[in-house]
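Peer 1: Need the 3D shape of this:
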Amino acid sequence: MERNQQLRRQLASMRQSLFDQGHLDEQFILLEELQDDANPNFVEEVVTLHYRDSARLITTIERALEKSPLDFNKLDGYMHQFKGSSTSIGAKKVKAESTQFREYCEAGNGEGCMKTFQLLKRDYATLRRKLEAYFQLARQAGPNEIACRPK
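Peer 2: Model (predicted):
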């Protein structure tokens with residue numbers, strides 16, 4: 001019993017840090033609110049699907065950035081898809097970097113696109129690692145994690 005309470009406190013702290021560090025926004029909470037006894041792993045499943053599908057887009061964007069001249073319309077379209085997927089899980093930093101990338105596309109700024117994409121990939125990977133650790137701890141703690149607004 002005490003171990004479970006300790007895991008729950010650790011889980012709550014880990015979750016809060018994801019918000020405090022700017023990795024997640026309110027959309028993640030909305031996903032949590034959709035999770036129930038009928039689908040206790042809903043959030044993890046949605047996040048897993050996001051990472052599986054978005055990995056393909058990352059590769060597509062990387063390939064498009066290697067071409068010369070850059071096709072800013074295609075890059076913008078790919079990033080539009082990526083941003084939508086990232087927004088759906090509440091990936092706050094990644095969403096902001098996606099927005100910046102699209103602004104660079106609109107301005108025809110290839111260097112800006114390259115730099116922003118490197119930041120985006122870093123934060124994308126960081127959030128993935130942090131969420132994987134969070135979900136692993138959540139599985140250890142068991143059900144009953146109730147969605148609540150961050151402080």
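
Peer 1: Quick check: mean pLDDT of the helix or strand harbouring L131?
Peer 2: For L131, the host element (DSSP states H and E) is helix 110-141. What helix 110-141 shows for mean pLDDT is 96.

Peer 1: So which bits of that helix are buried?
Peer 2: 110, 113, 116-117, 120, 123-124, 127-128, 130-131, 134-135, 137-138, 141 (16 or more other C-beta atoms under 10 Å). (Each C-beta comes from the backbone N, C-alpha and C, glycine too.)

Peer 1: Name the residues that touch the helix or strand bottoming out on mean pLDDT in the chain?
Peer 2: When the helices and strands of the chain are scored by mean pLDDT, DSSP states H and E, helix 2-20 comes last with a mean of 91. The list of residues contacting helix 2-20 from outside it, by C-beta atoms under 8 Å, 6 or more residues apart in numbering, reads 24-25, 28, 127, 130-131, 133-134, 137-138, 140-142, 145, 150-151.

Peer 1: Could you do stretch 122-139 as well?
Peer 2: Counting by C-beta under 8 Å, 6+ apart, 7, 10-11, 14-15, 18, 23-24, 43-44, 47, 51, 54, 58, 86, 91, 93-94, 97, 145 sit against stretch 122-139.

Peer 1: Can you tell me the closest non-neighbouring residue to N41?
Peer 2: Leaving aside its sequence neighbours, N41 sits nearest to Q35 (C-beta to C-beta, 6 or more residues apart in numbering; 7.7 Å).

Peer 1: Thanks a lot, see you next time.
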